[in-house]
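Enquirer: okay, sequence plus prediction incoming.
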Amino acid sequence: MKKKSIFAIVIATGFGAGYWPWGPGTAGAVVATALWFVLREVALLSEQCLTSLAVILCFTILGTWATSKVQPFWGDDPSKVVIDEMVGVWVPLLFATSWQEALVALVLFRFFDIVKPLGIRQLDRRKGAFWVMADDLLAGVYSAIVLCMIKWCVWGS
């Protein structure tokens, strides 16, 4: 019998956000957005994008590993695993420059993550830890595209 890794559980559950009983995916995305606000305050403006990209890459790798460690106990894509939502919402947040844009990024990401259009559902159906992460990364990419379109059309930036 394999032993559960506490570190893997902490990462997979988004530092515990996945235990939230009412919408753990949304809880994970909200925690990730709050962490983005902290990063935004502590990182220099010139370093924010590079730091955010590094965080996305690091947590994609770490999240894939952690998910693979908890899947034998919790199943293929358990609702407690929210590191995928965290990484996914960080993608459109790369393009957010205000709290209003961050809120739009969060809402767009949750829309794409829940509705799963344009190939997201196909990725979601695949088995394996990488695919748990991949569908949310694609939802993040679509959210980023729409956020940039909104910024350009509505806010003119």
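Expert: Here it is on my side, so go on.
Enquirer: which elements pack onto the lengthiest helix in the chain?
Expert: Longest helix in the chain, counting residues (DSSP state H): helix 45-74. Packing contacts for helix 45-74, counted by 3 or more CB pairs under 8 Å, 6 or more residues apart in numbering; DSSP states H and E, involve helix 6-12, helix 24-42, helix 83-93, helix 129-150. The way it works is simple: take the backbone N, C-alpha and C, and place the C-beta from them, glycine included.
Enquirer: most tightly packed of the ones you listed?
Expert: helix 83-93 (a mean of 29; mean count of other CB atoms under 10 Å).
Enquirer: angle of it against helix 45-74?
Expert: Between helix 83-93 and helix 45-74, the angle comes out at 160 degrees (axes from the mean of the first three to the mean of the last three CA atoms, to 10 degrees).
Enquirer: if you count contacts, what does helix 83-93 end up packed against?
Expert: Partner elements for helix 83-93 (3+ CB pairs under 8 Å, 6+ apart): helix 24-42, helix 45-74, helix 99-115, helix 129-150.
Enquirer: nearest to W90, of those?
Expert: Nearest to W90 among the helices and strands packed on helix 83-93 is helix 45-74 (5.1 Å), distances taken as CB to CB.
Enquirer: how about that closest one: buried residues?
Expert: 48, 52, 55-56, 59-60, 62-67, 69-71, 74 (16 or more other CB atoms under 10 Å).
Enquirer: in CSV: the helices and strands packed on helix 45-74, plus distance to Q122 and mean pLDDT.
Expert: As requested, the helices and strands packed on helix 45-74 are exported to CSV (distance: least, CB to CB, whole Å; pLDDT from 0 to 100):
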stretch, distance to Q122, mean pLDDT
helix 6-12, 23, 97
helix 24-42, 19, 95
helix 83-93, 16, 98
helix 129-150, 8, 97
